[in-house]
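Enquirer: Here's my sequence, what's the structure:
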Amino acid sequence: MSRETVGRAMEILLVEDDLEDARMTIEALEQGDVKCRVSLVRDGEEAMTFLRREGVFRRAPRPDLILLDMQLPKLDGREVLTQIRADEKLQGIPVVVLTASQVHRAILTGQGLRVDGFMTKPVSWDQFVGAVKTLRRGWLDEIILPE
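Expert: This next block holds a predicted model:
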């Protein structure tokens, strides 16, 4: 854990094309009093531009966590996840998949794409906490969810 991460708000990239689902996810984080800053992008290409800090996103923060919808325009969630895991600079960022279908879990697992957690939409606070606590990066729950 670096000194830069302690005490600062967690940076979350929410990749969601449905504005109602995005609103509900952000509200779940607010209700749980999670100290975070959420950046919203609405398609897979925009997500990759944000993550690579290109164009209008050249000053974008590096996310501590990506909440990734599977049903996205331009590049779907599977393609975004494939690119994240293939990029040496991005592959260490935890990704939690947002899905309304268990089929996505089987597809991603079958393709060997590492996912750090799954959440069923609509997202609830309890579900978010559960996903964060199962992340392999154990330092996150200390930073995000202090006692």
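Enquirer: Does anything pack onto the lengthiest helix in the chain? Which helices or strands?
Expert: In terms of residue count, the longest helix belonging to the chain (DSSP state H) is helix 19-31. Counting by 3 or more C-beta pairs under 8 Å, 6 or more residues apart in numbering; DSSP states H and E, the packing neighbours recorded for helix 19-31 are strand 10-15, strand 36-41, helix 125-134. For the C-beta atoms, the positions are set from N, CA and C on the backbone; glycine is no exception.
Enquirer: switch the cut-off to 7 Å
Expert: Judged by 3 or more C-beta pairs under 7 Å, 6 or more residues apart in numbering; DSSP states H and E, helix 19-31 is in contact with strand 36-41, helix 125-134.
Enquirer: Can you flag the weakest of these by average pLDDT?
Expert: Note on the helices and strands packed on helix 19-31: helix 125-134 shows the lowest mean pLDDT, a mean of 66.
Enquirer: still on that earlier bit, just the CA trace of the longest helix of the chain, in PDB.
Expert: Listed next in PDB are the C-alpha coordinates belonging to helix 19-31 (Å, rounded to 0.1, in the frame of the first residue of the first chain):
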ATOM      1  CA  LEU A  19     -28.000   6.100 -17.400                       C
ATOM      2  CA  GLU A  20     -30.600   4.600 -15.000                       C
ATOM      3  CA  ASP A  21     -28.300   1.800 -14.100                       C
ATOM      4  CA  ALA A  22     -25.400   4.200 -13.700                       C
ATOM      5  CA  ARG A  23     -27.600   6.400 -11.400                       C
ATOM      6  CA  MET A  24     -28.600   3.500  -9.200                       C
ATOM      7  CA  THR A  25     -24.900   2.300  -8.900                       C
ATOM      8  CA  ILE A  26     -23.800   5.800  -7.900                       C
ATOM      9  CA  GLU A  27     -26.600   6.100  -5.400                       C
ATOM     10  CA  ALA A  28     -25.600   2.800  -3.900                       C
ATOM     11  CA  LEU A  29     -22.100   4.100  -3.400                       C
ATOM     12  CA  GLU A  30     -23.400   7.300  -1.900                       C
ATOM     13  CA  GLN A  31     -25.800   5.500   0.500                       C
END
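Enquirer: All set now, cheers.
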